[in-house]
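>>> give the three-dimensional model of this entry:
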Amino acid sequence: MKHIAISFVAAMLAAAVPASAQTPTDSQQLDAAWDEFQQATADSAAFLRQHPFYRDPENRASAYAYLSSLMVARIEEVVVFDGDFPYFRVLDHRIREGGDNPDQRYLMATLNGGETYRVWGKLGKNRRLDFQIYAGDPFVAGSGGRSASALSFEQLKVKPDGTFEVWLSPDKRPGNWLENPKDANQIWVRQIFSDWRSETPGEVHIDRVGHEGDLKPVLTDAAMATRLRKAAADLRTHVKVWPTMVDARYLNRPANTISEPSDPSALGGVPGRFMVAGNFDLAPDEALIVRTWPASGNYQGIQLADLWFSSLEYGNRQTSLTGDQAAKSADGSYYFVIAGRDPGVANWLDTTGRRRGAILLRYDGMKEKTFDPARYPTATKVKLADLRQHLPMDMPTISPEQRAEAIAARRRHVQLRFDN
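Prediction:
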C-alpha cells in the first residue's frame, strides 16, 4: 500500500507539469545553470582573495562570512521567492551586507512591475515603519537602478486598532499608496527600533491582488535554470558593490574622521534620512570619540561595520547605539567611544578587536532639508589612558556586571525581533 501511495503522488506531480514542458534540453540547461552558480561562488571567492582588504588577516574570516551572507541572500531573493506568489524575506543577523542597520528589521519582497499588490499588517512597538519600492538596484553604480516610490512612517495612515494596508499599483489609489511602475522589481519595508528594551515588531504581509487563491505551479527545469542564472549574475555584482562603496565613500578620507551629513536617497536611502560616513583605524591603546547632537527626527543611531560593509556582531556585542540607548550629557550632546577594549563608560562602541572599520550614522524622520552645520558630528582620536580627560564629567561609569546586563538585554531584543 505504501508503494502504491508513493506512485500515486509521483504520478500527480508529473501530471502537474506537462511532459512537453520538461525536455532533455531543459534538463541540460538546469545542470549548466547550477554549474554557473557554483562558478559564480568560486569567482566571488577569488575576487575577495585578491582584494587589498584581504591582505590584512583581520579581514579574511569576515570575507567568507560576507560571501556566505551574499549567497544566502541571493538564493532567498532569486531562487526561493518570486513576484507571482510573494512573501517577505527577512534580512536578519544571518545576512550582513550593505551596511545593514542593527536597529532595523528589513522585510523585502520581489514584485512584478506594473501589477497590483496589497501590503497589510499591524503596527508593533517599533519606532518607525517605512516603505520603499525599487526599480533595479540604486546602490549599484551605473546600473540605472532607482527608488521608484516611498511612503514614510509620518505619511502612513493607521486604523485605531493599529492595522494598516498599503496598495502598490501603477495607478494612484486613495489611502496608503505606492507607485509600482513597470520597471519595479522589489519592495523594502523597514521596521526601526530605537529603545531595544521596550520596542517589538508588528506584522507585515503581502499579497498579489486577484491571485490570493491561485495554485502555485510546480517549478520547471527551465524556470529554475533562469533563477539560478540570475542568482549567479547578482552574486557576481553584489560581492564587488559593497567593498567598492567602502573604498569610495568611507576610506576616501583621513583615518578616524567622519563626513558631513548627506542625503542618501540617490543610493536607495529612505526620504527624510541623513547619513554620515567615516572610518576608524585604531591601535589597541587608542580610542575615537564621536560627538553628536539630538536631531529633529524620531530616530538616530550609530554603528560600526567591517570593510566588507557587514555590520559587526550586534546581538552579543555593543557595536551600535541609538539615541534612546545612549547616555546624553548635560551639555546636550552624545559622546560615543569607539575602542577595541571596554573603557568602562556608558557609550562604548566595541570594535570587536578590529583595527580598521567603517562608521555609519543615521538620522531618520528629519523634517528639514538641510542639516544644521552647528550640529555636524565630530570625531577625535585620543589615548585610552587619557580618555576621561576628553569626556564630560557626567559620563556614566559602567561596571562589568552592568555591561553584561546590557549585552543580555541586546540579545533578548534580537531574539524577539527575529523570532528566534
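
>>> alpha carbons only for contacts and neighbour counts from here, please
Will do.

>>> for stretch 171-186, what is the average pLDDT?
Averaged across stretch 171-186, the pLDDT comes to 97.

>>> next, the buried residues of it.
N176, W177, L178, E179, N180, P181, D183, A184, N185, Q186 (16 or more other C-alpha atoms under 10 Å).

>>> check these and tell me the two furthest apart.
Longest distance between any two of those is 20.8 Å, between N176 and D183; criterion C-alpha to C-alpha.

>>> residues of stretch 136-155 that come out buried?
So stretch 136-155, judged by 16+ other C-alpha under 10 Å, has buried residues 136-140, 145-153.

>>> what mean pLDDT does that stretch have?
For stretch 136-155, the per-residue pLDDT averages 92.

>>> and what of stretch 108-127?
97.

>>> i'd like the first residue to be 26 from this point on
With the count now opening at 26, the last piece we talked about shows up as stretch 133-152.

>>> quick one: list the elements packing against the helix or strand hosting Q440.
Per DSSP states H and E: Q440 is located in helix 425-442. Of the remaining helices and strands, none touches helix 425-442 by 3 or more C-alpha pairs under 8 Å, 6 or more residues apart in numbering; DSSP states H and E.

>>> against which helices or strands is the longest helix anywhere in the chain packed?
The helix that spans the most residues within the chain, counting by DSSP state H, is helix 49-75. Counting contacts by 3+ C-alpha pairs under 8 Å, 6+ apart, helix 49-75 packs against helix 85-99, helix 246-270.

>>> quick one, it and helix 246-270 angle?
Using axes from the mean of the first three to the mean of the last three C-alpha atoms, to 10 degrees, the direction of helix 49-75 lies 10 degrees away from that of helix 246-270.

>>> contacts only, for the residue nearest to D349 when sequence neighbours are not counted.
Once flanking residues are discounted, D349 sits nearest to D220: 5.4 Å by C-alpha to C-alpha, 6 or more residues apart in numbering. Applying C-alpha atoms under 8 Å, 6 or more residues apart in numbering to D220 gives the contacts T347, D349, Q350.

>>> ok, and the most crowded of the residues you listed?
Among those, the one with the most neighbours (other C-alpha atoms under 10 Å) is T347, at 22 neighbours.

>>> ramachandran angles for the nearest residue to that one once chain neighbours are set aside?
Closest residue in space to T347, ignoring its immediate chain neighbours: G326 at 4.1 Å, by C-alpha to C-alpha, 6+ apart. Backbone torsions of G326, given as degrees, to the nearest 10, read phi -150, psi 160.

>>> list the contacts of G326.
So G326 contacts D128, S219, S345, L346, T347, G348, L386, R387, Y388 (C-alpha under 8 Å, 6+ apart).

>>> let's go with 10 Å and repeat that
Contacts for G326 (C-alpha atoms under 10 Å, 6 or more residues apart in numbering) come out as 126-128, 218-219, 300, 317, 345-351, 385-389.

>>> now swap in L181 and tell me
Per C-alpha under 10 Å, 6+ apart, neighbours of L181: L154, D155, F156, F189, E190, V191, G200, N201, W202.

>>> ok, P425 next?
P425 neighbours (C-alpha under 10 Å, 6+ apart): D367, G369, A431.

>>> equivalent analysis for Y159, please.
Per C-alpha under 10 Å, 6+ apart, neighbours of Y159: 135-136, 138, 170-175, 205-206, 208-213, 293.

>>> same thing with G357?
With C-alpha under 10 Å, 6+ apart, G357 has these contacts: T317, W318, P319.

>>> that older thread, export the contacts of L181 to JSON lines and tack on secondary structure?
Below are those laid out as JSON lines (DSSP: H, G, I helix; E, B strand; the rest coil):
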{"residue": "L154", "secondary structure": "strand"}
{"residue": "D155", "secondary structure": "strand"}
{"residue": "F156", "secondary structure": "strand"}
{"residue": "F189", "secondary structure": "strand"}
{"residue": "E190", "secondary structure": "strand"}
{"residue": "V191", "secondary structure": "strand"}
{"residue": "G200", "secondary structure": "coil"}
{"residue": "N201", "secondary structure": "coil"}
{"residue": "W202", "secondary structure": "strand"}
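
>>> just put those in JSON lines and tack on distance to M418.
Below are the contacts of L181 laid out as JSON lines (distance: C-alpha to C-alpha, whole Å):
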{"residue": "L154", "distance to M418": "37"}
{"residue": "D155", "distance to M418": "38"}
{"residue": "F156", "distance to M418": "42"}
{"residue": "F189", "distance to M418": "46"}
{"residue": "E190", "distance to M418": "49"}
{"residue": "V191", "distance to M418": "49"}
{"residue": "G200", "distance to M418": "51"}
{"residue": "N201", "distance to M418": "48"}
{"residue": "W202", "distance to M418": "50"}
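
>>> specify which member of the residues you listed is nearest to Y401.
D155 (25.0 Å).

>>> shouldn't that closest one be in contact with R298?
No. Judged on C-alpha atoms under 10 Å, D155 makes no contact with R298 at a distance of 11.2 Å.

>>> mutual contacts of those two, please.
Common neighbours of D155 and R298 (C-alpha under 10 Å, 6+ apart) are G390.
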